[in-house]
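**Student:** dropping the sequence and predicted coords here.
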Amino acid sequence: MKLEAVTRAMLEQAARLYMEEAYGDAPVPEPVAERLAWPPGEAGALLAAECFERTPPDAPPQACDRIALRLGNRKFPHMKLSLNRVADTADWVLVVDTHDAGVLALAQAGDRALLEALVTQNADLKTRIERRWSQARLPTFERYIHEQLRQP
């Protein structure tokens, strides 16, 4: 999906589904609630808002490769809802960035089992959220690949 086709309603639905899986009935941390208190306006303006992290940081959304919102989960505050540009295309997809790739490399022997459990929990949560996004017909990488395979 082109970035211009991403709507505020899509972003709101993606955030709602993310939060249902990541927090369930648990209280939402105040910084996360603040990041979800979006200013009024269309998706383009929203993606340029301060609550979204852009890569590169000072670029407008159209010039970015990634636009992320740090929402965390019950056990790990760094997980993100992310819109990523598909490599070598102008297409964008929703992705859950678990943001835990290097955590095991830094683990001390006594912490390893705890951190492995966290990485496993984050991977499971990522799968559940992205599955719900796909079921809601939001632009996920899974749906992108299926669409590419259907093209002649």
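**Tutor:** Received it, and whenever you're ready, just let me know what you need.

**Student:** the helix or strand containing V96 - contacts with which helices or strands?
**Tutor:** Using DSSP states H and E, V96 maps to strand 92-97. Under the contact criterion of 3 or more CB pairs under 8 Å, 6 or more residues apart in numbering; DSSP states H and E, strand 92-97 touches strand 80-85, helix 112-135, helix 141-150. To be clear about C-beta, it is placed using only N, CA and C from the backbone, and glycine gets the same treatment.

**Student:** could you dump it to PDB, C-alpha only?
**Tutor:** Extracted in PDB, the C-alpha atoms of strand 92-97 (Å, rounded to 0.1, in the frame of the first residue of the first chain):
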ATOM      1  CA  TRP A  92       4.400   0.300   3.100                       C
ATOM      2  CA  VAL A  93       3.300  -2.400   5.500                       C
ATOM      3  CA  LEU A  94       2.400  -2.600   9.200                       C
ATOM      4  CA  VAL A  95       4.900  -4.500  11.300                       C
ATOM      5  CA  VAL A  96       5.300  -5.200  15.000                       C
ATOM      6  CA  ASP A  97       8.900  -4.400  15.900                       C
END
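
**Student:** Q62 is nearest to which of the helices and strands packed on strand 92-97?
**Tutor:** Each of these was scored for nearness to Q62 using CB to CB, and the closest is strand 80-85 (9.9 Å).
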